[in-house]
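Asker: Attaching a predicted model along with its sequence, questions to come.
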Amino acid sequence: MKTKGWLIYEEEHAKKNKAFIDWFLDEAKELHIKLDFILQDRISFGVQNNELVILLDEAPLIETPDFVIMRNIDPLFNEQLERMKIPCFNSHHVSAICNDKAKTHQYLAGKGIPMLDTYFTTADELLTGNLPLPFPFVIKTRTGRGGGDVFMVENTEQLEAIHDQLSNRFIILQPLARSLGKDLRVYVLGEEIVGAVLRSNQKSFKANYTLGGQAETYVLNEAELTVVNKIIQQFEFGLVGIDFLFDEDGSLLFNEIEDVVGCRTLCLTSDINIVKRYLEFILQKLATGEKSI
């Protein structure tokens, strides 16, 4: 019997990632997987008649998928799938932790992973005078993606302007990394390091490729491999990107984990067929009976 799966996006990101979605569908055919692309807004879920239920186009499922590739951020839905014994890639645990920068740093603290000092607060507390670090520093929203909602603050006037922009948002505060405009993304599939990409931007302290940065292949040294593997040991990943900054001596500083990771820079800097490998990884997990990764 053919393996059946869902590939889930929300509409805005689906439009931006049509080529990536088509790539998934094409590789699935080659691997004899029936993969359906589904927009999140077609799905409702909750409890019906005292049982967990998922509705597709307002109708209860006649047949559940064998797995779901979740390319939208909704940890509660991930958990619903897992509770209904539907393997979800990535898992609820990865989604709930890694899509919140404060939770990620809190979770990885004390595990021998170098990272910047990081303070958890709200935008409304910025003007109380209770700042745990001096200017200049960086403000990030806890749930921002792709370099969005990241600000460098050098004085009180900038702080007031950002406060007005981020009012009522949950944020983190960090000192500036020593190497501005440069970071490293490490692509991880399960427990395997698939590749690494160095991103740099001479015009901004943000190195994101989508914000005008450059990308090149990067080879991890032994010390860097050790740091990455310490993070891998804390989770059961499907496909993620682990992002690092650089300290003044060039050593890695953990920055964040991208659950719904973009693969554009990996494709540009290597010939790795990440989609085929991801689908093969999922098939292997299904064959061994592992229910959620």
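Answerer: Cool, got the structure.
Asker: The helix or strand D183 falls within: how far from the chain's middle?
Answerer: If you go by DSSP states H and E, D183 is part of strand 182-189. Counting by Cα atoms, centre = their mean, to the nearest Å, strand 182-189 is centred 11 Å from the centre of its parent chain.
Asker: what helices or strands is it leaning on?
Answerer: strand 192-200, helix 222-232, strand 239-246, strand 252-258, helix 274-287 (3 or more Cβ pairs under 8 Å, 6 or more residues apart in numbering; DSSP states H and E). Where you see a C-beta, it was placed from the backbone N, CA and C, and this is true even at glycine.
Asker: mind running it again at 6 Å?
Answerer: Counting contacts by 3 or more Cβ pairs under 6 Å, 6 or more residues apart in numbering; DSSP states H and E, strand 182-189 packs against strand 192-200, strand 239-246.
Asker: if you compare the ones you listed, which one is most tucked away?
Answerer: Comparing these by mean neighbour count (mean count of other Cβ atoms under 10 Å), strand 239-246 comes out on top with a mean of 23.
Asker: May I have that one exported as PDB, CA atoms only?
Answerer: The C-alpha trace of strand 239-246 is given here as PDB (Å, rounded to 0.1, in the frame of the first residue of the first chain):
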ATOM      1  CA  LEU A 239      14.800  18.800   9.500                       C
ATOM      2  CA  VAL A 240      16.000  22.000  11.200                       C
ATOM      3  CA  GLY A 241      18.500  24.800  10.800                       C
ATOM      4  CA  ILE A 242      20.700  25.700  13.800                       C
ATOM      5  CA  ASP A 243      22.000  29.200  13.600                       C
ATOM      6  CA  PHE A 244      25.200  30.500  15.200                       C
ATOM      7  CA  LEU A 245      26.900  33.800  15.700                       C
ATOM      8  CA  PHE A 246      30.700  34.200  16.100                       C
END
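Asker: strand partners of it, parallel vs antiparallel please.
Answerer: strand 182-189 (antiparallel), strand 252-258 (antiparallel) (DSSP bridges).
Asker: angle of it against helix 222-232?
Answerer: Angle of strand 239-246 versus helix 222-232, following axes from the mean of the first three to the mean of the last three Cα atoms, to 10 degrees, is 130 degrees.
Asker: got the angle between strand 239-246 and strand 192-200?
Answerer: Strand 239-246 and strand 192-200 are oriented at 40 degrees to each other (the same axes, to 10 degrees).
Asker: does the residue nearest to N155 when sequence neighbours are not counted count as helix, strand or coil?
Answerer: Leaving aside its sequence neighbours, N155 sits nearest to F135 (Cβ to Cβ, 6 or more residues apart in numbering; 6.0 Å). What DSSP: H, G, I helix; E, B strand; the rest coil gives for F135 is coil.
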